[in-house]
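# Curious how this folds, go ahead:
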Amino acid sequence: EVQLVESGGGLVQPGGSLRLSCTASGFFFSNYAMSWVRQAPGKGLEWVSAISSGGASSRYADSVKGRFTVSRDRAKTTLYLQMNSLKPEDTAVYYCAKWPQPLVWRHDIESISYDYRGQGTQVTVSS
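Next up, the predicted model:
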């Protein structure tokens, strides 16, 4: 059974930092690209970042580029999102999501239909 469990969210002041983690199990983690997506109150899902199966390639939404960094640890089967210079507009529930096909890296990331997503972790940026 595929499981994705996010952690690390919380309340932070504008300009602060958080590191989110997503522990994966039930599939061969190293074979799949992974994404972070978020959902702000009253809005739809927004893609945030993606990283290739081997970790060599990554991409970011324009709204977070230069502030967020995605990484992964094969041995720990864990995906990370380091978030710096946080803004109130970053407030959302953050989810990690598994790409549906192994050993694939696509550039039309916004159109991917993920087959599994975690339960999410709340990030609130407020003074």
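# Next up, phi/psi of the residue nearest the centre of the chain, please.
The residue lying closest to the centre of the chain (C-alpha atoms, centre = their mean) is residue 36, at 2.0 Å. Backbone torsions of residue 36, given as degrees, to the nearest 10, read phi -110, psi 130.
# How about residue 111?
Taking degrees, to the nearest 10 as the convention, residue 111 sits at phi -100, psi 0.
# Check the burial of it by counting its neighbours.
The tally of other residues near residue 111 (other C-beta atoms under 10 Å) stands at 8. (Glycine included, C-beta is placed from N, CA and C.)
# Contacts only, for it.
With C-beta atoms under 8 Å, 6 or more residues apart in numbering as the criterion, no residue contacts residue 111.
# any idea how far it lies from residue 99?
12 Å (C-beta to C-beta, to the nearest Å).
# strand partners of the strand or helix carrying residue 79, parallel vs antiparallel please.
Assigned by DSSP states H and E, residue 79 belongs to strand 78-83. Strands that pair with strand 78-83, judged by DSSP bridges, come out as strand 18-25 (antiparallel), strand 68-73 (antiparallel).
# Kindly reformat the ones you listed as CSV containing mean pLDDT, distance to residue 47 and mean neighbour count.
Converted to CSV, the strands paired with strand 78-83 look like this (pLDDT from 0 to 100; distance: least, C-beta to C-beta, whole Å; neighbours: other C-beta atoms under 10 Å):
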stretch, mean pLDDT, distance to residue 47, mean neighbour count
strand 18-25, 98, 15, 19
strand 68-73, 98, 12, 18
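# Can you tell me the closest non-neighbouring residue to residue 60?
Leaving aside its chain neighbours, residue 60 sits nearest to residue 49 (4.9 Å; criterion: C-beta to C-beta, 6 or more residues apart in numbering).
# residue contacts, residue 48?
Residue 48 neighbours (C-beta under 8 Å, 6+ apart): 35-38, 60-61, 64, 68, 81, 94.
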